[in-house]
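J.: Fold the stuff below for me.
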Amino acid sequence: MAVEVVKILRMEKGERDRLIEEEHLCRIAFRGERYPHIAPFVYLFDGRFMYFLSTKYGSKIDFFRKDPHVSVEVERYAPDLSSYRFVTLRGRLAEVSDPQEKRGVREGFVDLIRRKDLSRNVLMALGHSPEDPLKSIVEEERSLIWKLVEVQKIVGLKGGDGT
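T.: Okay, here's the model as predicted:
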(Lines give C-alpha, C1' and ligand atoms only; values in the text may rest on other atoms or scores of the structure.)
Protein backbone atom coordinates (compact mmCIF):
# COMPACT_ATOMS: atom_id res chain seq x y z
CA MET A 1 0.00 0.00 0.00
CA ALA A 2 1.50 3.33 -1.08
CA VAL A 3 1.57 6.17 1.41
CA GLU A 4 0.25 9.45 0.03
CA VAL A 5 2.52 12.43 0.55
CA VAL A 6 0.63 15.57 1.50
CA LYS A 7 2.28 18.66 0.09
CA ILE A 8 2.50 22.05 1.79
CA LEU A 9 0.35 24.63 0.02
CA ARG A 10 1.93 27.40 -2.03
CA MET A 11 1.04 31.00 -1.23
CA GLU A 12 -0.23 33.35 -3.93
CA LYS A 13 1.72 36.55 -4.65
CA GLY A 14 -0.73 38.70 -2.67
CA GLU A 15 -0.39 36.42 0.37
CA ARG A 16 3.41 36.55 0.14
CA ASP A 17 3.42 40.34 -0.16
CA ARG A 18 1.05 40.69 2.79
CA LEU A 19 3.23 38.51 5.01
CA ILE A 20 6.33 40.54 4.14
CA GLU A 21 4.46 43.82 4.75
CA GLU A 22 3.00 42.73 8.10
CA GLU A 23 6.09 41.15 9.68
CA HIS A 24 9.35 42.86 10.67
CA LEU A 25 11.72 40.01 11.59
CA CYS A 26 13.57 37.75 9.20
CA ARG A 27 16.59 35.54 8.90
CA ILE A 28 19.28 36.08 6.29
CA ALA A 29 21.45 33.18 5.15
CA PHE A 30 24.89 34.26 3.93
CA ARG A 31 27.39 32.03 2.16
CA GLY A 32 29.79 31.08 4.95
CA GLU A 33 33.24 29.54 4.83
CA ARG A 34 32.11 25.93 5.14
CA TYR A 35 28.52 26.26 6.34
CA PRO A 36 25.85 28.87 5.69
CA HIS A 37 25.81 31.73 8.22
CA ILE A 38 22.28 32.60 9.34
CA ALA A 39 21.55 35.83 11.20
CA PRO A 40 18.29 37.41 12.42
CA PHE A 41 17.43 40.93 11.21
CA VAL A 42 14.73 43.52 11.72
CA TYR A 43 13.67 44.68 8.27
CA LEU A 44 11.70 47.46 6.68
CA PHE A 45 9.63 46.87 3.52
CA ASP A 46 8.64 49.88 1.43
CA GLY A 47 6.49 47.94 -1.02
CA ARG A 48 9.39 47.45 -3.40
CA PHE A 49 12.54 46.67 -1.41
CA MET A 50 13.35 45.02 1.88
CA TYR A 51 15.86 47.12 3.85
CA PHE A 52 18.09 45.96 6.70
CA LEU A 53 20.24 47.84 9.21
CA SER A 54 23.43 45.96 10.00
CA THR A 55 25.94 46.66 12.72
CA LYS A 56 29.34 47.47 11.25
CA TYR A 57 30.99 44.46 12.90
CA GLY A 58 30.56 40.69 12.96
CA SER A 59 30.97 37.74 10.63
CA LYS A 60 28.05 38.85 8.44
CA ILE A 61 30.09 41.84 7.23
CA ASP A 62 32.90 39.58 5.98
CA PHE A 63 30.45 37.18 4.36
CA PHE A 64 28.58 40.08 2.72
CA ARG A 65 31.82 41.54 1.32
CA LYS A 66 32.89 38.15 -0.09
CA ASP A 67 29.52 37.32 -1.63
CA PRO A 68 26.40 39.47 -1.28
CA HIS A 69 24.05 36.75 -2.59
CA VAL A 70 21.68 35.67 0.19
CA SER A 71 18.44 33.93 1.04
CA VAL A 72 15.98 35.84 3.23
CA GLU A 73 13.20 34.10 5.14
CA VAL A 74 10.14 35.74 6.70
CA GLU A 75 7.85 33.53 8.75
CA ARG A 76 4.75 33.51 10.92
CA TYR A 77 3.45 30.55 12.85
CA ALA A 78 1.12 29.65 15.70
CA PRO A 79 2.93 28.56 18.89
CA ASP A 80 1.58 25.00 18.45
CA LEU A 81 2.39 25.03 14.68
CA SER A 82 -1.28 24.46 13.83
CA SER A 83 -0.80 27.13 11.16
CA TYR A 84 2.27 28.62 9.56
CA ARG A 85 3.43 30.70 6.63
CA PHE A 86 6.87 31.45 5.32
CA VAL A 87 8.38 33.24 2.37
CA THR A 88 11.92 32.74 1.13
CA LEU A 89 13.52 35.23 -1.26
CA ARG A 90 16.82 34.69 -3.06
CA GLY A 91 18.65 37.81 -4.12
CA ARG A 92 21.62 40.08 -3.56
CA LEU A 93 22.24 42.59 -0.80
CA ALA A 94 23.38 46.01 -1.97
CA GLU A 95 24.77 48.64 0.39
CA VAL A 96 22.75 51.86 0.23
CA SER A 97 24.95 54.92 -0.25
CA ASP A 98 22.54 57.64 -1.41
CA PRO A 99 22.15 60.10 1.53
CA GLN A 100 18.44 60.76 0.90
CA GLU A 101 17.60 57.08 0.60
CA LYS A 102 19.62 56.32 3.75
CA ARG A 103 17.82 59.00 5.73
CA GLY A 104 14.42 57.78 4.56
CA VAL A 105 15.24 54.19 5.50
CA ARG A 106 16.53 55.22 8.94
CA GLU A 107 13.36 57.27 9.54
CA GLY A 108 11.36 54.25 8.42
CA PHE A 109 13.07 52.10 11.05
CA VAL A 110 12.26 54.64 13.77
CA ASP A 111 8.63 54.60 12.62
CA LEU A 112 8.61 50.78 12.58
CA ILE A 113 9.93 50.60 16.16
CA ARG A 114 7.20 53.00 17.31
CA ARG A 115 4.38 51.46 15.26
CA LYS A 116 5.15 47.89 16.33
CA ASP A 117 5.86 49.03 19.91
CA LEU A 118 9.17 47.17 19.88
CA SER A 119 11.32 46.99 22.98
CA ARG A 120 14.12 49.55 23.18
CA ASN A 121 16.45 46.53 23.40
CA VAL A 122 16.12 46.22 19.62
CA LEU A 123 18.46 49.23 19.43
CA MET A 124 21.37 46.98 20.45
CA ALA A 125 20.88 44.97 17.26
CA LEU A 126 21.19 48.25 15.35
CA GLY A 127 24.45 49.34 17.00
CA HIS A 128 22.87 51.59 19.65
CA SER A 129 22.26 51.48 23.37
CA PRO A 130 18.65 50.93 24.57
CA GLU A 131 19.03 54.28 26.38
CA ASP A 132 19.80 56.17 23.15
CA PRO A 133 16.98 58.32 21.77
CA LEU A 134 15.30 56.76 18.73
CA LYS A 135 16.35 59.75 16.62
CA SER A 136 19.98 58.61 17.01
CA ILE A 137 19.21 55.93 14.40
CA VAL A 138 18.60 58.74 11.91
CA GLU A 139 21.26 61.19 13.09
CA GLU A 140 24.17 58.80 13.64
CA GLU A 141 25.50 56.26 11.15
CA ARG A 142 26.33 53.41 13.50
CA SER A 143 24.93 50.87 11.08
CA LEU A 144 25.11 49.96 7.41
CA ILE A 145 21.96 49.90 5.31
CA TRP A 146 21.44 47.03 2.90
CA LYS A 147 18.57 46.43 0.53
CA LEU A 148 17.58 43.22 -1.20
CA VAL A 149 17.88 43.59 -4.97
CA GLU A 150 17.91 41.29 -8.00
CA VAL A 151 15.49 38.86 -6.38
CA GLN A 152 15.67 35.69 -8.48
CA LYS A 153 13.18 33.47 -6.73
CA ILE A 154 10.37 33.88 -4.20
CA VAL A 155 8.72 30.86 -2.60
CA GLY A 156 5.82 31.13 -0.14
CA LEU A 157 4.38 28.13 1.65
CA LYS A 158 1.60 27.73 4.19
CA GLY A 159 -0.05 25.12 6.34
CA GLY A 160 -3.08 24.94 8.59
CA ASP A 161 -5.50 27.83 8.27
CA GLY A 162 -2.60 30.06 7.15
CA THR A 163 -2.93 32.72 9.84
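J.: need the strands for this protein, in chain order.
T.: Secondary structure of the chain, counting by DSSP state E: strands at 9-10, 25-30, 37-45, 50-55, 69-77, 84-95, 143-159.
J.: for those strands, which one ends up most surrounded?
T.: strand 50-55 (a mean of 21; mean count of other CB atoms under 10 Å). For the C-beta atoms, the positions are set from N, CA and C on the backbone; glycine is no exception.
J.: Now do that one and strand 37-45, the angle between them.
T.: Taking axes from the mean of the first three to the mean of the last three CA atoms, to 10 degrees, one finds strand 50-55 and strand 37-45 inclined to each other by 120 degrees.
J.: Run me through the strand neighbours of strand 50-55, direction for each.
T.: strand 37-45 (antiparallel), strand 143-159 (antiparallel) (DSSP bridges).
J.: Give me the contacts around that strand.
T.: 20, 26, 28, 41-45, 60-61, 64, 72, 89, 93, 96, 105-106, 108-109, 125-127, 137, 142-148 (CB atoms under 8 Å, 6 or more residues apart in numbering).
J.: quick one: which of the strands of the chain is nearest Leu118?
T.: strand 37-45 (7.7 Å; CB to CB).
J.: what about this protein, any weak spots by pLDDT?
T.: 162-163 (pLDDT under 70).
J.: Excluding chain neighbours, what is closest to Gly58?
T.: Spatial nearest neighbour of Gly58, excluding adjacent residues (CB to CB, 6 or more residues apart in numbering): Ala39 at 7.8 Å.
J.: Touching, the one you found and Lys60? I think so.
T.: Yes. Under the criterion of CB atoms under 8 Å, Ala39 makes contact with Lys60 at 5.1 Å.
J.: Which residues are in contact with each of the two?
T.: Contact with both Ala39 and Lys60 is made by residues Ile28, Phe30, according to CB under 8 Å, 6+ apart.
J.: hang on, the earlier thing: can you redo the strands paired with strand 50-55 as TSV with distance to Met1?
T.: As requested, the strands paired with strand 50-55 are arranged in TSV below (distance: least, CB to CB, whole Å):
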stretch	distance to Met1
strand 37-45	39
strand 143-159	25
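J.: Identify whichever of these lies nearest to Asp117.
T.: Closest of the strands paired with strand 50-55 to Asp117 is strand 37-45, at 13.4 Å (criterion: CB to CB).
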